[in-house]
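1. Here is my input, please return the structure:
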Amino acid sequence: MIKKPWKGIAAIVLATSLGTPLLLCGSLNSSVASYFRDKTNDQRELLRGETITTTESSDKSAIVTLHPHQWKSKLVVTLRVRTIPILTFIGTKAELIKIKNSENSSEQIPADTDVMNRAKAVAKRLNKVSHNKQFDSKNITVSTNAKNKSYTIKLSDKELVTIDGQTILSDTTNNLAVDALQATNRLRRLMGDALPLNAIANIPSAAPEMVIVGAKKQGISPRKGMASWYGPGFHGRLTANGERYNQNGLTAAHKNLPFGTRVRVTNLNNGRSITVRINDRGPYAHGRIIDLSKGAARVIGLMGSGVAPVQIEILGRLK
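-> Model (predicted):
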């Protein structure tokens, strides 16, 4: 039995692949909804607020964690691998109410909501293969399901998760095909440093432009230059747009792009890409065109070198 540690916190016990409990502590503070200012881009709102939950696991070797939180009166769960947000599972208002009601009880909260079970199943499989020394992350692939316009990410040809609107890339591009490819490449990188895929398998020939990594958008010219990253010493401080800097988030600093601009950054040394949100102006070193958060730098393999040649593409702006 788990007693609620303080008001507004829901403690949820899940079973990991190794039989050890995964403890999720999620604040369900309703004030989160007021943080989201863009009412016209529903999915984009998901990551505009800071994560308000924490995840702890009694299995210290687990690399996958689950973070339940509230979004637009729904319960959603974000799956992270090595602290990097990868997937967000979208639940329902009824599931949120169920979790909130459990805050008034001293009983252990069963993790039997559909969205929690969906997220738990994926986390369990990823944690399991992370302990398999024979596993090769190049066996993480993605293919299209033409009938229902969804995309399936697979582990060694077995379905892991379907990207279908109810499960999306955590920093969604609002394009399921691009979401699926980016999520797959992040998993390939974080689960074993495999090279990124350039396209989705068996994609219909009518829409190849939807899924090409780094595809040039009409009217927007990519720029090339050097990128660096920043984190230690700045984590928790106010950024130039007034929010708290989270070094593990997917953000970046740029000298003059409007705050909220979404930028795809591709490491030209390895082809890995990440979509970040501009929320800061510096620190800024001479000769750099962008400074990435630690989390974004990790995804595209920038941590070791500290700097790398990149291509940046402006995807749009969160208003």
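
2. In the stretch 151-300 of the chain, where is pLDDT below threshold?
-> Counting by pLDDT under 70, the stretch 151-300 of the chain shows low-confidence ranges at 203-221, 283-285.

3. So which residues of it form helices?
-> Remark: helices assigned in the stretch 151-300 of the chain by DSSP state H, counting those that start in this stretch are 176-190, 294-299.

4. Ok, which of the ones you listed comes nearest Asp164?
-> helix 176-190 (7.0 Å; Cβ to Cβ). C-betas here are computed from N, CA, C, even on glycine.

5. how long is stretch 170-184 end to end?
-> 12 Å (Cα to Cα, to the nearest Å).

6. From the chain's centroid, how far away is that stretch?
-> For stretch 170-184, the gap between its own C-alpha mean and the chain's C-alpha mean amounts to 10 Å (Cα atoms, centre = their mean, to the nearest Å).

7. Could you do stretch 307-319 as well?
-> 17 Å.

8. check contacts around the one residue sitting closest to the centre of the chain.
-> The chain has Pro85 as the residue nearest its centroid, 2.6 Å off, counting by Cα atoms, centre = their mean. For Pro85, the contact set (Cβ atoms under 8 Å, 6 or more residues apart in numbering) comprises 47, 78-79, 170-171, 249-250, 295.

9. If we use 7 Å, what do you get?
-> Taking Cβ atoms under 7 Å, 6 or more residues apart in numbering as the definition of contact, the neighbours of Pro85 are 78, 170-171, 250.

10. Which positions in the host helix or strand of it come out as buried?
-> Assigned by DSSP states H and E, Pro85 falls within strand 84-90. Neighbour-count burial for strand 84-90, counted by 16 or more other Cβ atoms under 10 Å, picks out 84-90.

11. Just give me the closest of those residues to Ile140.
-> Relative to Ile140, and with distances defined as Cβ to Cβ, the nearest of these is Ile86, at 11.3 Å.

12. Report pLDDT for the closest one.
-> In the prediction, the pLDDT value recorded for Ile86 is 92.

13. Distance-wise, check it relative to Val77.
-> When distances are taken as Cβ to Cβ, to the nearest Å, Ile86 and Val77 turn out to be 12 Å apart.

14. Repeat that for Asn270.
-> In this structure, Asn270 and Val77 are 30 Å apart, going by Cβ to Cβ.

15. Show me which of those two is the more surrounded one.
-> Higher neighbour count among Asn270 and Val77: Val77, with 29 against 15, using other Cβ atoms under 10 Å.

16. show me what contacts the more buried one?
-> 66-68, 89, 115-116, 119 are the contacts of Val77 under Cβ under 7 Å, 6+ apart.

17. what about the nearest residue to Ile289 once chain neighbours are set aside, how many neighbours?
-> Here the nearest residue to Ile289 in space, its sequence neighbours aside, is Gly225; by Cβ to Cβ, 6 or more residues apart in numbering that works out to 3.4 Å. Gly225 is surrounded by 13 other residues when neighbours are defined as other Cβ under 10 Å.

18. beta partners of Gly225?
-> Going by DSSP bridges, Gly225 is paired in beta bridges with Val310.

19. Thought His286 was touching it, still the case?
-> No - distance between Gly225 and His286: 11.5 Å, which falls outside the contact criterion (Cβ atoms under 7 Å).

20. Give me the contact list for the top helix by length along the chain.
-> Secondary structure of the chain per DSSP state H: the longest helix is helix 114-130. Contacts of helix 114-130 with the rest of the structure, by Cβ under 7 Å, 6+ apart, involve 14, 16-17, 62-64, 66, 68, 75-77, 79, 81, 87, 89-91, 95, 111, 135, 155, 160-161, 191.

21. Now do the contacts for Asn269.
-> For Asn269, the residues meeting the contact criterion (Cβ under 7 Å, 6+ apart) are 308-309.

22. Going by residue numbers, what spans are strands in the stretch 201-319 of the chain?
-> Assignment of strands within the stretch 201-319 of the chain using DSSP state E, counting those that start in this stretch yields the ranges 223-230, 251-253, 261-267, 273-280, 288-293, 307-317.

23. mind listing what Arg186 touches?
-> Residues in contact with Arg186 (Cβ under 7 Å, 6+ apart) are 84, 86, 299.
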